[in-house]
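*Asks:* From the sequence below, what's the structure:
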Amino acid sequence: MSTLTLDITKDRCPMTFVKTKLKLEELEPGDILEILLTTGEPLNNVPRTATEQGYTVLETVPVKDNIYKVVIKRGDS
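*Replies:* Down below sits the predicted model:
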């Protein structure tokens, strides 16, 4: 199991999820992706879309100002 990190704080939708999806596709079963993103559309859309695509959002925590960390896990199958 490994943990990857992705910083999309400088990106805007729809690029935020495009970059997230590409990184999620690199995950092996059980791997974790930690994403740094901003409030607004990225914070609303990235976790929702990841969940819709079968990933598990483990947590969403504020980091500083308008930046959050979203932790996503790929299922074991």
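*Asks:* Give the next helix or strand downstream of the lengthiest helix in the chain.
*Replies:* For the chain, the longest helix by residue count, based on DSSP state H, is helix 41-52. Downstream of helix 41-52, the next assigned helix or strand under DSSP states H and E is strand 56-64.
*Asks:* What strands line up against that next one, and which way round?
*Replies:* strand 67-73 (antiparallel) (DSSP bridges).
*Asks:* now the partner strand: mean pLDDT?
*Replies:* Averaged over strand 67-73, pLDDT sits at 98.
*Asks:* How about it, which residues are buried there?
*Replies:* The neighbour-count check on strand 67-73 (16 or more other CB atoms under 10 Å) flags 68, 70-73 as buried. Backbone N, C-alpha and C define where each C-beta goes, glycine included.
*Asks:* Could you export these as a markdown table, including distance to residue 24?
*Replies:* Listed next are the buried residues of strand 67-73 as a markdown table, based on distance: CB to CB, whole Å:
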| residue | distance to residue 24 |
| --- | --- |
| 68 | 17 |
| 70 | 11 |
| 71 | 12 |
| 72 | 7 |
| 73 | 10 |
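*Asks:* any idea which of the residues you listed is the one closest to residue 52?
*Replies:* residue 72 (12.1 Å; CB to CB).
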